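Enquirer: Fold the following and give me the result.
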Amino acid sequence: MFPHERSLVKRLEGKPFVLLGMNSDQDRHETRRRCKAEGITWRSWFDGGTGGPIAKQYGVRSWPTIYVLDANGVIRYKNVRGEAMDQAVDTLLAQMSGGKAGK
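Expert: This is a model prediction of the structure:
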């Protein structure tokens, strides 16, 4: 997953797009170590375990869970990966700019 996420962040640099990561495994120090080892450049943090406050608020029941939110913070897509994630993000960016989705 991380290679795709890295390419998405790079492709959308300078656009109104933010990727956030939330981790539940291990502990805060392991999360930092893993982010560095995996080359994660986007904001990613430890939520205090699988029952952490963010996971509870968003109803996360399995890992990984992916949410794509629109500019108003509304969840528009859930558990899209790879090309489907790209299309979801491109669609929302196009809606923001009044144009058509595309790379």
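
Enquirer: how about the helices of the chain, start to end?
Expert: Assigned by DSSP state H, the chain shows helices spanning 2-11, 28-38, 53-58, 83-97.

Enquirer: Could you tell me how far the nearest residue to A84 once chain neighbours are set aside is located from G49?
Expert: Using C-beta to C-beta, 6 or more residues apart in numbering and skipping the chain neighbours, the partner closest in space to A84 is Y77 (8.0 Å). Bear in mind the C-beta positions are built from the backbone N, C-alpha and C, glycine included. Per C-beta to C-beta, to the nearest Å, Y77 is found 26 Å from G49.

Enquirer: and among the helices of the chain, the most buried is which?
Expert: Using mean count of other C-beta atoms under 10 Å, the stretch among the helices of the chain with the largest mean neighbour count is helix 83-97, at a mean of 16.

Enquirer: pLDDT on it, on average?
Expert: Computed over helix 83-97, the mean pLDDT rounds to 95.

Enquirer: Looking at Y77 and G49, which one has more neighbours?
Expert: A side-by-side neighbour count of Y77 and G49, using other C-beta atoms under 10 Å, places Y77 first with 17 against 12.

Enquirer: beta partners of the residue nearest to A84?
Expert: Judged by DSSP bridges, the bridge partners of Y77 are V68.

Enquirer: Quick check: it touching V68?
Expert: Yes. In terms of C-beta atoms under 8 Å, Y77 counts as a neighbour of V68; the distance is 3.9 Å.

Enquirer: if I look at the two, which residues touch both of them?
Expert: Common contact partners of Y77 and V68 (C-beta atoms under 8 Å, 6 or more residues apart in numbering): M85, A88.

Enquirer: Check the gap between G21 and V74 for me.
Expert: 20 Å.

Enquirer: between these two, which one's more packed in?
Expert: Taking G21 and V74 together and counting by other C-beta under 10 Å, G21 has the greater number of neighbours (17 against 8).

Enquirer: so who does the more buried one touch?
Expert: By C-beta under 8 Å, 6+ apart, G21 lies in contact with C35, I40, W42, R43, S44, W45.

Enquirer: Tell me what it is bridged to.
Expert: When assigned by DSSP bridges, G21 has beta-bridge partners S44.
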